[in-house]
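let's see this in three dimensions:
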Amino acid sequence: MNSLACQTRIVNEIIVWDDGSTDDTEKVVRTAEGPVRYFRSENGGKSRALNAALAQARGDLIWICDDDDIVLPHAAETLTGLLRAHPSAGLAGGGYKRFSDDPAGGKRILAGPGYWPDLSEGSMLRHLLEDIFLFQNATLVRRSCYDAVGPFRENLPRSIDYDMIVRLAARFPVAVTEEALFHQRKHDGARGSVASRHAAAQSDAVWKTTDKQVFEGLRDILQPTLFTGMFEAETPDHAARAGRLQRGCVHARRTDWSMALEAFRMAAELLPDMALSPVEKKICHRAMAGKHGITEALTPDMCAALTELAAASPLGAEISAALMRGTAWRLRVALRDRDWSMAATLGRFIARLLSAGGTRRPRQAAGNLSERRDPPLGKLPEQDGQTERAPA
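Numbering: from 1, shown residues only. Here you go, the predicted model:
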């Protein structure tokens, strides 16, 4: 709360929702100065607590902050300034740095963000679908947008912020600054709600499973037309083909290779005589660069399916070749780390795709295709005409 009270832009309302803590949270909050409202409930998970807190919020702008991270003094002013400068945006976000405290001397150690994409090309929605990089402590959302997309999912044990940011970005434009607005604590101990605790060492496997759960729940939102709208081309079919590849890329990065393969197969059916454009090749490369790895793509069944895609048509061969080139850096990393088993597996995978595709390529040159920075999204709900208030 101290970092909220020290903002350069006054915060008019601070809601503290105590989700069944066993420490001195209530005592500390009751003695705090400022516009603080305290609520307590039995531990029911973050989603339930956030939904209850949102129902109590009075402001037009909502700013959700975790209790163990630190927002920087200029964060509220920067975020409200972004929304003021971009009135069509439904939400504003910023960068962050990670920190940990040295257990020996107590010195605070700052590091860069865990992941931050190159925002010079492509839409915010595309970048967010490929991986999360905007977090709630650095995100200010119009209340009307939360009302439009519905409550936080209470059937997700974690990653509720990822689910929500995608739902918001699929409906409303996002204004972003790369400037760091908060410091995110790096945890070494147990994480999650009481009902779903996991050790930090297990995080990779936990996030991998949860990411798949998140995107299973987003299927109704992530329709083919949404992906097609991310691209501008000379013909509708070319934009649709790129959209199918992008959809496959997103599912591949979530390690859902059955959905990814379906999208790649559908892409190979559109304009089969036209070669892939540079933009489409980059999409395929990114499909193999997800943080969760490509173990599922290397299974015998999936390798056989990708081989069939390569052998089915010249365009299928080119898609497989682009996927294969996206795998090459993983082979270099395995060789550098002397992980001979993984290097051998990747080598066999690459060789098999190369052999199946051969040198066949579509005869027609690639058409012009580009990514839209601002793809068509849902309309921002009408504002109620009230004067903008400080974030809650």
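
what about residue 79, which SS state?
Of the three states, residue 79 takes helix according to DSSP: H, G, I helix; E, B strand; the rest coil.

does it touch residue 64 like I think?
No. Residue 79 lies out of contact with residue 64 (Cβ atoms under 8 Å); the separation is 11.8 Å. In this view, the C-beta of every residue, glycine as well, is placed from N, C-alpha and C.

more neighbours: these two, which one.
Ranked by neighbour count (other Cβ atoms under 10 Å), residue 79 and residue 64 place residue 79 first, with 26 against 22.

shared neighbours, residue 79 and residue 64?
Jointly contacting residue 79 and residue 64 under the rule Cβ atoms under 8 Å, 6 or more residues apart in numbering are residue 139.

quick one: residue 175 from residue 124, how far?
Residue 175 sits 9 Å away from residue 124, taking Cβ to Cβ, to the nearest Å as the criterion.

who's more crowded, these two?
Legend: neighbour count by other Cβ under 10 Å for residue 175 and residue 124, higher for residue 124 (25 against 21).

in this protein, which residue is most central in space?
The C-alpha lying nearest the average C-alpha coordinate of the chain belongs to residue 132 (Cα atoms, centre = their mean; 2.5 Å).

number of residues surrounding the residue nearest to that residue when sequence neighbours are not counted?
The spatially closest residue to residue 132, leaving aside those adjacent along the chain, is residue 162, at 4.5 Å (Cβ to Cβ, 6 or more residues apart in numbering). Using other Cβ under 10 Å, residue 162 has 21 neighbouring residues.

residue 133 is in contact with residue 162, correct?
No. Under the contact definition of Cβ under 8 Å, residue 162 does not touch residue 133, with a separation of 10.1 Å.

give me the common contacts of the two.
By Cβ under 8 Å, 6+ apart, no residue touches both residue 162 and residue 133.

so what pLDDT did residue 195 get?
Looking at residue 195, its pLDDT is 48.

got it, and residue 187?
60.

same question, residue 302
For residue 302, pLDDT reads 95.

now do the one 4 residues further on
Note on residue 306: pLDDT of 95.

give me every residue that touches it.
Residue 306 sits next to 261, 297, 320, 323, 353 when contact means Cβ under 8 Å, 6+ apart.

same thing but at 6 Å, please
residue 320 (Cβ atoms under 6 Å, 6 or more residues apart in numbering).

in what helix or strand does it lie?
helix 300-312 (DSSP states H and E).

where do the strands sit along the stretch 101-250 of the chain?
Here the stretch 101-250 of the chain has its strands, by DSSP state E, counting those that start in this stretch, at 108-111, 139-142, 174-185, 190-191, 198-199, 231-233.

and the helix holding residue 306, what's buried?
Buried residues in helix 300-312, counted by 16 or more other Cβ atoms under 10 Å: 302-303, 305-307, 309-312.

my guess is residue 73 is in a strand, correct?
No. Per three-state DSSP, residue 73 lies outside any strand segment and is coil.

which helix runs longest in this protein?
helix 314-336 (DSSP state H).

elements contacting that helix?
helix 257-268, helix 278-287, helix 300-312, helix 340-357 (3 or more Cβ pairs under 6 Å, 6 or more residues apart in numbering; DSSP states H and E).

okay, the ones you listed in JSON lines with distance to residue 23 next?
Compiled in JSON lines, the helices and strands packed on helix 314-336 are given as follows (distance: least, Cβ to Cβ, whole Å):
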{"stretch": "helix 257-268", "distance to residue 23": "43"}
{"stretch": "helix 278-287", "distance to residue 23": "43"}
{"stretch": "helix 300-312", "distance to residue 23": "47"}
{"stretch": "helix 340-357", "distance to residue 23": "44"}
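
and of those helices, who's closest to residue 179?
helix 278-287 (25.3 Å; Cβ to Cβ).

mean confidence for stretch 22-36?
Averaged over stretch 22-36, pLDDT sits at 81.

what comes up buried for it?
By neighbour count on 16+ other Cβ under 10 Å, the buried set for stretch 22-36 is 25, 29, 36.

how about the CA coordinates for it, as PDB?
Below are the C-alpha coordinates for stretch 22-36, written out as PDB (Å, rounded to 0.1, in the frame of the first residue of the first chain):
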ATOM      1  CA  THR A  22      -3.300 -15.700   8.600                       C
ATOM      2  CA  ASP A  23      -0.900 -12.800   9.200                       C
ATOM      3  CA  ASP A  24      -1.400  -9.300  10.400                       C
ATOM      4  CA  THR A  25      -2.900  -8.000   7.200                       C
ATOM      5  CA  GLU A  26      -6.100  -6.500   8.800                       C
ATOM      6  CA  LYS A  27      -4.100  -4.800  11.600                       C
ATOM      7  CA  VAL A  28      -1.800  -3.200   9.100                       C
ATOM      8  CA  VAL A  29      -4.600  -2.100   6.800                       C
ATOM      9  CA  ARG A  30      -6.700  -0.700   9.600                       C
ATOM     10  CA  THR A  31      -3.800   1.600  10.600                       C
ATOM     11  CA  ALA A  32      -3.000   2.800   7.100                       C
ATOM     12  CA  GLU A  33      -3.800   6.300   6.000                       C
ATOM     13  CA  GLY A  34      -5.600   7.200   2.900                       C
ATOM     14  CA  PRO A  35      -8.800   6.100   1.100                       C
ATOM     15  CA  VAL A  36      -8.500   2.500   2.000                       C
END
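
quick one: it to chain centroid distance?
Taking Cα atoms, centre = their mean, to the nearest Å, one finds the center of stretch 22-36 at 33 Å from the center of the full chain.

give me the residues contacting it.
Stretch 22-36 is contacted from outside by 1, 5, 12-14, 16, 18, 38, using Cβ under 6 Å, 6+ apart.

domain parsing for this protein?
Split into domains by automatic domain parsing, the chain comes to 2-187+206-217, 224-371.
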